[in-house]
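Novice: Build me a model from this:
(2 chains)
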Amino acid sequence: KNEVEQSPQNLTAQEGEFITINCSYSVGISALHWLQQHPGGGIVSLFMLSSGKKKHGRLIATINIQEKHSSLHITASHPRDSAVYICAVGDFGNEKLTFGTGTRLTIIP
Amino acid sequence: NAGVTQTPKFQVLKTGQSMTLQCAQDMNHEYMSWYRQDPGMGLRLIHYSVGAGITDQGEVPNGYNVSRSTTEDFPLRLLSAAPSQTSVYFCASRGYRSLNTEAFFGQGTRLTVV
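Specialist: Here you go, the predicted model:
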């Protein structure tokens, strides 16, 4: 079973700061997902990647397959970015996802 | 374009009662799944389906039943609710033919069993 570790568990930063959230996994994967969950809200997919780097607006996701590690970066952070960010990986050969426990991000104005 | 629709949003049950959580998607996705989210833990897979008529157990299937009679619908049934089933439940769907497909989630159901 793939193990997914996220760090940090909690992160508080000032508006405008550059944010990095990390995700490590233990075995080979077919793809890695970054998800966002606002308090009391649903879960939204931010990125799905299997190699390299993707960018949407102020969000950047990178993955290093050899090191089994991914990072989610937020540039010019804003209070509306406050949410729980969840990393999930899909194993080869099936569609099941294994989830990390999430990183709770709070951006202070 | 509704995506994944999950109902109800909130539910309180008494121990021993049964209920069905509804999940529907309009994206013609083959793969649908149910997760529960508990404090301090990652989402855990309850049951999943790779197409109509096909279901399988996930990590924590005990106390839950599913069926998949159509591509669109994937209801989750609690047979006899227990306080340990107090949780937030999410339904999700993905395309299946291609491995690398984005996951879409419902808004969640917050279930309390008293």
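Novice: next one: phi and psi at B:D73?
Specialist: phi -110, psi 140 (degrees, to the nearest 10).
Novice: Mind telling me what element the nearest residue to it once chain neighbours are set aside is part of?
Specialist: Closest residue in space to B:D73, ignoring its immediate chain neighbours: B:A24 at 5.1 Å, by CB to CB, 6 or more residues apart in numbering or on different chains. Quick note: C-beta positions are derived from backbone N, CA and C, even for glycine. Element membership for B:A24 (DSSP states H and E) is strand B:19-25.
Novice: what's next to that strand, contact-wise?
Specialist: B:2-8, B:11, B:13, B:32, B:34, B:72-78, B:81, B:89, B:91, B:93, B:104, B:106, B:109, B:111 (CB atoms under 8 Å, 6 or more residues apart in numbering or on different chains).
Novice: filter the residues you listed to the buried ones?
Specialist: Buried members of the contacts of strand B:19-25, counted by 16 or more other CB atoms under 10 Å in any protein chain shown: B:4, B:6, B:11, B:13, B:32, B:34, B:72, B:74-76, B:78, B:81, B:89, B:91, B:93, B:104, B:106, B:109, B:111.
Novice: Which ones, among these, also lie beside chain A?
Specialist: B:104, B:106 (CB under 8 Å from any CB of the partner chain).
Novice: So which of the buried ones among the contacts of strand B:19-25 are in strands?
Specialist: Of the positions in the buried ones among the contacts of strand B:19-25, B:4, B:6, B:11, B:13, B:32, B:34, B:76, B:78, B:89, B:91, B:93, B:104, B:109, B:111 sit in strands, assigned by DSSP state E.
Novice: For the fifth one, name its beta-bridge partners.
Specialist: Going by DSSP bridges, B:M32 is paired in beta bridges with B:S49, B:S93.
Novice: picking up where we left off before, what residues are bridge-paired with the residue nearest to B:D73?
Specialist: Applying DSSP bridges, one finds that B:A24 bridges with B:T5, B:D73.
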